[in-house]
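Chemist: Below is the structure, and that's it, no one-letter string:
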């Protein structure tokens, strides 16, 4: 049973609400922490966002999103790197300890997974230099293999751990159960991240059966088939004691009242995580 | 460039057509071989189906589908095993050298991947005895991890190879690029299957970006992001010289004229496989 003090909500979970409303609602509902996207900070402007966050009393546990380098194509490399530096600067300003990084999908015009990985690895390395210079960590999140085409060639925790090992200080891994629950190597790779001191984040959700859409049909904890407590135990046994972030891309709940949805998230969090 | 003599079409690709029409259409279109589902054989009756196949001159390269043990729940174990034996008997009658086997999704009431795998492994072992007794092979096809909940806990070629190693004679693996293209261990596991003499089948298709549905939005070769020839080369270099089966679950093409679709498959097969 997870304690509500561990709860953090990624703002995409409550996509329909504008930033100010969202921050106020989290505070009113007793959600202790959250993880915003840089686009939301931009929507109100940095100084206004900082004041809203400070007034709300909420902690910022992380920020989204760095990466998606390959998606822009090789010809836009310097632009996408500059964009990533800007995201990290925002994260430093709002006090996010790390930014989630998702390298990107298949490099346009190549169909080559290896070329994509090589290109993105170099871009992550370059972005890491800036991250270190502004004191913000990078949390490399392996995504479910279904997102290889459009989001990430890093689709196992093993690959993410391999990258962190090569990249050195300032980067670790984010374990999102939606993305990794299927992986036969999950226990050993969680242990490996723990031993390397790079287990940065843990995100919870559920996998619905059936799932109607590859991206936007993620399940509320308890509605799906994942044995969530067994994975929570793995990360806890590995020494992880940070927040558990709820990030649900969900067309089903996005059309509902977001206050009701947050109540439901809190209920499920203590019962199923 | 693949030679049309290698082409086999799985009948689910042309789902809208009844069995007799399908067999005639394949023959008329110069498709040399096909892979039926046992439900289609049942739809016309075994002796009629055998005559239709003989008259058409088509080869039967495989048959679908064995498995889905766990989906029926532990309480229906003997029924689902009996059903599997019957599928194998039909395969023997129509001269299919092997039947594709997909063990099944998460065991109802458990949420345990390990219990699911253990249960299904035992059921596969039992089914293999009957397969060997009727002289039909089993081709264990690892499915994409997105199907863990509902179709299969065997979601990497490594797991499939591990199972075959333990199960012994009469079972091998089917490599369907839609299911395995994302896997960083693919080259070494294809080599492993080849060395074990268990590389039974190769299936081609493509992964669309974006993909609108987890099951029924598979791509025609050339429409997606998979570097198909590189995987064809892997299986060929591993000594595979059997047919290349096209199996597309596709809502897009199921509403089109199936003759036009078959022409398109033939065209794409020689250009993109």
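Modeler: All right, it came through fine. Quantities reported herein were computed from a predicted structural model and do not represent experimental measurements.
Chemist: What parts of the stretch 151-273 of chain A come near chain B?
Modeler: With Cβ under 8 Å from any Cβ of the partner chain as the criterion, the stretch 151-273 of chain A comes near chain B at residues A:155-156, A:158-159, A:181-184, A:207-214, A:224-227. To be clear about C-beta, it is placed using only N, CA and C from the backbone, and glycine gets the same treatment.
Chemist: swap in the stretch 1-150 of chain A?
Modeler: A:105, A:106, A:111, A:112, A:113, A:144, A:145, A:146, A:148, A:149, A:150.
Chemist: what's the distance between the third one and residue A:148?
Modeler: Taking Cβ to Cβ, to the nearest Å as the criterion, residue A:111 is separated from residue A:148 by 11 Å.
Chemist: who's more crowded, the two?
Modeler: More crowded of residue A:111 and residue A:148, by other Cβ atoms under 10 Å in any protein chain shown: residue A:148, with 23 against 18.
Chemist: I'd say the more buried one and residue A:106 touch.
Modeler: Yes: look at residue A:148 against residue A:106 with Cβ atoms under 8 Å: they come within range, at 7.0 Å.
Chemist: Overlap in contacts, the two.
Modeler: residue A:113 (Cβ atoms under 8 Å, 6 or more residues apart in numbering or on different chains).
Chemist: what about residue A:160, neighbour count?
Modeler: 28.
Chemist: Same check on the one 10 residues further on?
Modeler: By the measure other Cβ under 10 Å, the count of residues near residue A:170 is 19.
Chemist: where does residue A:7 fall, phi/psi-wise?
Modeler: Torsion angles at residue A:7 (phi, psi; degrees, to the nearest 10) stand at phi -70, psi 130.
Chemist: can you pull the contacts of it?
Modeler: A:31, A:32, A:33, A:243, A:244, A:246, A:265, A:266, A:269.
Chemist: so which of the residues you listed is the most crowded?
Modeler: If you rank the contacts of residue A:7 by neighbour count (other Cβ under 10 Å), residue A:246 sits at the top with 26 neighbours.
Chemist: measure it to residue A:273 for me?
Modeler: 9 Å.
Chemist: Then residue A:101?
Modeler: Taking Cβ to Cβ, one finds residue A:101 at 24 Å from residue A:273.
Chemist: Go through the strand or helix carrying residue A:50 and flag the buried ones.
Modeler: Using DSSP states H and E, residue A:50 sits within helix A:46-56. Residues of helix A:46-56 classed as buried under the neighbour-count rule (16 or more other Cβ atoms under 10 Å in any protein chain shown) are A:49, A:50, A:52, A:53, A:56.
Chemist: which residues in the stretch 151-273 of chain A form strands?
Modeler: A:171-176, A:199-204, A:244-246 (DSSP state E, counting those that start in this stretch).
Chemist: what sits in contact with each of residue A:246 and residue A:273?
Modeler: By Cβ under 8 Å, 6+ apart, the residues touching both residue A:246 and residue A:273 are A:204, A:221.
Chemist: quick one on the thing from earlier: show the buried residues in the residues of the stretch 151-273 of chain A next to chain B.
Modeler: By 16+ other Cβ under 10 Å, those give A:155-156, A:158-159, A:181-184, A:207-209, A:211, A:213-214, A:224-227 as buried.
Chemist: Could you list the low-pLDDT ranges of chain A?
Modeler: A:1 (pLDDT under 70).
Chemist: on that earlier part again, next SSE downstream of the helix holding residue A:50?
Modeler: strand A:59-60.
Chemist: partner strands of that next one, parallel or antiparallel?
Modeler: strand A:33-35 (parallel) (DSSP bridges).
Chemist: Pull the distance from the strand it pairs with to the chain's centre.
Modeler: Centroid separation for strand A:33-35 versus its chain: 11 Å, with Cα atoms, centre = their mean, to the nearest Å.
Chemist: Over to stretch A:86-104?
Modeler: 11 Å.
Chemist: how about the strands of the stretch 1-150 of chain A, start to end?
Modeler: Under DSSP E, counting those that start in this stretch, the stretch 1-150 of chain A gives strands at A:7-10, A:33-35, A:59-60, A:63-67, A:98-102, A:137-140.
Chemist: Quick one: residues in contact with the third one.
Modeler: Read it as strand A:59-60. A:8, A:32, A:33, A:34, A:35, A:36, A:53, A:94, A:95, A:96.
Chemist: Residue A:18: how many residues sit nearby?
Modeler: Count around residue A:18 with other Cβ under 10 Å applied: 10.
Chemist: Which residues lie in contact with it in this structure?
Modeler: Residue A:18 touches residue A:43, counting by Cβ under 8 Å, 6+ apart.
Chemist: Double-check residue A:4 against residue A:243; I have them as touching.
Modeler: No: using Cβ under 8 Å as the test, residue A:4 is too far from residue A:243 to be in contact (10.8 Å).
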